[in-house]
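> Dropping a prediction and its sequence here:
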Amino acid sequence: MKKYLLILPMLIGMSLASFSQSSIKIIDLTVNSTSYADTSGTIISNTGLNVNFKISDVTTANKAEIYIGTQADLGDVKIAEAIFIQNGGDYLLSYNGNEYAIVDGMANISVELSQTELDTYNYITVYVEDNQGLNTEKLYFNKQ
């Protein structure tokens, strides 16, 4: 009987550790369509999405994962991984050779998609990984 009493707290501790989550909170996911122009200002055929969310603590954030897919939690259309960087006292998201300023905790990423990708996706899933490797809760956007 004593063995079971010793094993029970150990199992509870292990199960709690496996469900650890980042202390960072993300909220207010918005997604807007956008068009891209070439250097002459002419709109090109590819379109994209502006993905915006608010983050509680950018100082401990490592990367943002954006899954664009036909279903929630699925990146079968495109996966965008943006890295949080610090430049002086400013924080930025770096994605695909571009840097996006984080202002008042509001993060913004522009993801270029082809017209086929834009027509195919139904869901966007966003989460942030902190510098300890823990993930935030996921935010979902349904384009319907």
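Structure received. Nothing here was measured: the structure is a model prediction, and the numbers come from that model.
> So which bits of stretch 75-88 are buried?
75, 77-78, 80, 82, 84 (16 or more other Cβ atoms under 10 Å). To be clear about C-beta, it is placed using only N, CA and C from the backbone, and glycine gets the same treatment.
> scratch that, stretch 128-139 is what I was asking about
Neighbour-count burial for stretch 128-139 [16+ other Cβ under 10 Å]: 128-130, 136, 139.
> Off-centre distance for it?
Centre-to-centre, stretch 128-139 and its host chain are 9 Å apart (Cα atoms, centre = their mean, to the nearest Å).
> what's the answer for stretch 114-129, then?
11 Å.
> Tabulate the CA atom coordinates of it in PDB.
What follows is stretch 114-129, C-alpha atoms only, in PDB (Å, rounded to 0.1, in the frame of the first residue of the first chain):
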ATOM      1  CA  SER A 114      -0.400  32.400 -54.300                       C
ATOM      2  CA  GLN A 115      -4.000  32.700 -55.500                       C
ATOM      3  CA  THR A 116      -4.400  28.900 -55.300                       C
ATOM      4  CA  GLU A 117      -3.100  28.900 -51.700                       C
ATOM      5  CA  LEU A 118      -5.400  31.800 -50.800                       C
ATOM      6  CA  ASP A 119      -8.400  30.000 -52.300                       C
ATOM      7  CA  THR A 120      -7.500  26.600 -50.600                       C
ATOM      8  CA  TYR A 121      -6.900  27.600 -47.000                       C
ATOM      9  CA  ASN A 122      -9.800  27.500 -44.500                       C
ATOM     10  CA  TYR A 123      -8.100  27.900 -41.100                       C
ATOM     11  CA  ILE A 124      -5.100  29.700 -39.600                       C
ATOM     12  CA  THR A 125      -3.600  28.400 -36.300                       C
ATOM     13  CA  VAL A 126      -1.100  30.600 -34.400                       C
ATOM     14  CA  TYR A 127       0.900  30.000 -31.300                       C
ATOM     15  CA  VAL A 128       4.200  31.300 -29.800                       C
ATOM     16  CA  GLU A 129       7.100  29.200 -28.500                       C
END
